[in-house]
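Novice: Any chance you could fold what I've pasted below:
(one chain, ligands or ions: 1)
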Amino acid sequence: MADVIALYHYWDSFCSFKVRLCLEEKGLDWDSRNVNLMRFENLAPDYLKINPNGLVPSLIHDGHTLVESSIINEYLDGVFPDPPLRPADEVALARMRYWVGIEEQDLFRAVRPVSLNLIMKRIFQAMSERQLDAHLARHPKQHLAGRLKKLFTAPVDQAAIDKSRKTLRRAFEKMDSEMAAQPWLAGEAYSLADIAAAPVIDRIGYLKMADIWHGLDAVQDWIERITARPAYQRALPKERMLDVLDRPGS
Ligand SMILES: N[C@@H](CCC(=O)N[C@@H](CS)C(=O)NCC(=O)O)C(=O)O
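Specialist: The predicted structure is shown next:
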């Protein structure tokens with residue numbers, strides 16, 4: 001019987017995108033179990049049984065539940081080694097893990113304030129106060145509702161966006177120096193390090209902030225090669241958070 005892989009994910013979440021990309025690179029069949037973060041489905045009791053952290057993604061394979069996108073991707077590469085997405089060479093493997101760490105710590109963290117200000121605030125500020133209150137009344141952790149309302153209704157924080165842009169620029173500059181000498185982040189082959197950067201590249205492009213990598217020729221060339229991969233195209237978000245603005249009342 002074929003292996004059954006179920007991915008609990010949200011189309012427009014970076015960590016989910018990372019795992020979809022790994023699944024697609026390996027040509028694996030996977031069942032899509034959508035967890036709608038905008039509707040707080042990640043905090044529903046049934047989902048908390050799968051992932052007590054209330055975060056996506058989670059993957060179930062062969063009865064085993066895995067959480068944490070980088071760990072899931074290493075697991076998938078171990079269990080389905082073809083094509084390999086981790087270098088065999090130990091030094092290159094260490095470099096791959098170094099970059100995955102930088103992506104989680106610096107890139108993902110820096111993109112969050114940008115997404116809050118340019119995506120979440122747009123969505124919630126398009127609602128009337130009554131609609132927002134009704135929406136937040138469905139939040140399973142009601143003690144957080146007041147804080148979320150304040151966060152979503154605050155004006156766009158340009159200083160936070162600018163700070164994120166600087167962090168992102170510095171990280172892409174480091175990548176540019178690395179890739180002046182080699183085609184991919186961990187060396188000669190496309191790896192989980194390139195995969196972990198892809199969702200951030202997508203989000204920056206989607207938010208029309210691609211000037212962040214202006215003048216970084218090696219990075220621009222790498223981005224073109226990453227985004228041209230058929231697996232990248234298949235893993236892209238099929239729905240974006242901002243799509244709700246085109247569907248009033250949803
Ligand atoms: N380190 C975790 C982070 C997972 C994570 O933060 N997921 C976000 C989406 S990218 C989430 O589920 N957020 C929901 C929330 O914070 O309520 C991983 O890599 O899987």
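Novice: Could you find the closest non-adjacent residue to the most centrally placed residue in the chain?
Specialist: Geometric centre of the chain, nearest residue: residue 14, 0.7 Å, by CA atoms, centre = their mean. Closest residue to residue 14 in three dimensions, ignoring its sequence neighbours and counting by CB to CB, 6 or more residues apart in numbering: residue 199, at 3.6 Å. (Each C-beta comes from the backbone N, C-alpha and C, glycine too.)
Novice: Kindly provide the distance from the one you found to the ligand.
Specialist: 8 Å (CB to the nearest ligand atom, to the nearest Å).
Novice: do residue 75 as well
Specialist: 12 Å.
Novice: separation between that residue and residue 149?
Specialist: 38 Å (CB to CB, to the nearest Å).
Novice: related to what we said a few turns ago, could I get the contacting residues of the residue nearest to the centre of the chain?
Specialist: Residue 14 makes contact with 108, 111, 199, 200, 203, according to CB atoms under 8 Å, 6 or more residues apart in numbering.
Novice: from the residues you listed, which single one is nearest the ligand?
Specialist: residue 108 (7.3 Å; CB to the nearest ligand atom).
Novice: So the closest one sits against residue 197, correct?
Specialist: No - taking CB atoms under 8 Å as the definition, residue 108 is not a contact partner of residue 197, at 10.1 Å.
Novice: For the two, work out which one has more neighbours and name it.
Specialist: residue 197 (25 against 18; other CB atoms under 10 Å).
Novice: Nearest spatial neighbour of the more buried one, chain-adjacent residues omitted?
Specialist: residue 103 (5.4 Å).
Novice: and that neighbour, how many neighbours does it have?
Specialist: Residue 103 - counted by other CB under 10 Å - has 26 other residues nearby.
Novice: cool, and residue 154?
Specialist: 12.
Novice: Which phi and psi values does it adopt?
Specialist: Dihedral angles of residue 154 (phi, psi; degrees, to the nearest 10) stand at phi -70, psi 150.
Novice: wait, what's in contact with the closest residue to it other than its chain neighbours?
Specialist: Spatial nearest neighbour of residue 154, excluding adjacent residues (CB to CB, 6+ apart): residue 121 at 7.3 Å. The neighbourhood of residue 121, defined by CB under 8 Å, 6+ apart, consists of 152, 153, 154, 156.
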